[in-house]
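J.: Sequence plus the predicted model coming up.
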Amino acid sequence: MPGSPDPTDLAATLAGPVAEVAPRLLGGVLRHGDVVARVVEVEAYAGADDPASHAHRGPTPRNGVMFGPPGRLYCYLSHGIHVCANVSAEADGVPAAVLLRAVTVVEGDRIVRERRGSRVAVRDLARGPGRLTEALGIGLGHDGQDLAHGLLTLAPAPAQVAFEAGPRIGVRRAADRPWRFWVPGTPVSSYRRHRGADQEW
DNA sequence: GCTCCGATTATCT
DNA sequence: GATAATCGGAGCG
């Protein structure tokens, strides 16, 4: 169907410059089996021009998905223990990804509780990239998965939701680049500057 | 090989 | 607010 692009087409939604398309994922629906959650916080990571990005120095075995087509899941292990989940962006061959930092659980609360613990505060169920993947049951085995079909999917919101922007959390380089986006009034991470963060911009 | 160091989190003061 | 835990990658020689 020619004309205006389908806003619910994940790959088309993510095909543009990552800092522009990242906030479009806010309000989107992330689903893994019976667990459904709404995306409320993301960060944009680009390629050679973004020194904070894994793809900054070119492709490696780990970051390969960032160089592939948009709409795939890029999973990596952080600090030896935490899995972080990203969605690849920009055209096939151009490295970029959107880090999923926080979601709010819409359905499947019981399953999430089994994974995260019954005593965890509601606001901490999936606030933070490591907690998010634990809550959704996302692991390194999901690296490279197409999020348009299957058990694990991401459906963009039909229309852009209101959002705010600020610097990315915990990055040493390009520390002032305002590439974190979140939905006001939802539980998101509190900002932490990296110790000895570079000046840039 | 070998070293350095996190796109984090839980726990402490 | 500050810091330890923890280990796979990336960078370098």
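T.: Nice, thanks for sending it over.
J.: Within range of DNA strand B, give me the residues from chain A.
T.: A:43, A:45, A:52-55, A:63, A:66, A:74, A:78-82, A:84, A:86, A:97, A:99, A:124, A:128-132, A:168-172, A:189, A:192, A:194 (CB under 7 Å from any atom of the strand). Using the backbone N, CA and C atoms, a C-beta is placed for each residue, glycine as well.
J.: list the buried ones in stretch A:112-120?
T.: Residues A:V112, A:R115, A:R116, A:V120 are the ones in stretch A:112-120 that count as buried (16 or more other CB atoms under 10 Å).
J.: which one of these is nearest A:L10?
T.: Nearest to A:L10 among these is A:V112, at 22.9 Å by CB to CB.
J.: what's the residue closest to the geometric middle of chain A?
T.: Residue closest to the average C-alpha location in chain A (CA atoms, centre = their mean): A:L100, at 2.1 Å.
J.: Show me the beta-bridge partners of that residue.
T.: A:V42 (DSSP bridges).
J.: how would you label A:G93: helix, strand or coil?
T.: Classification of A:G93 using DSSP: H, G, I helix; E, B strand; the rest coil returns coil.
J.: SS state for the closest residue to DNA strand C within chain A?
T.: Taking CB to the nearest atom of the strand, DNA strand C has its nearest neighbour within chain A at A:G80, 2.3 Å off. Recorded secondary structure, A:G80: coil (three-state DSSP).
J.: what's the answer for A:E20, then?
T.: Secondary structure, three-state DSSP: A:E20 is helix.
J.: Around it, count how many other residues there are.
T.: Residues near A:E20, counting by other CB atoms under 10 Å, number 10.
J.: Could you do the one 4 residues further on as well?
T.: By other CB under 10 Å, the residues close to A:R24 number 24.
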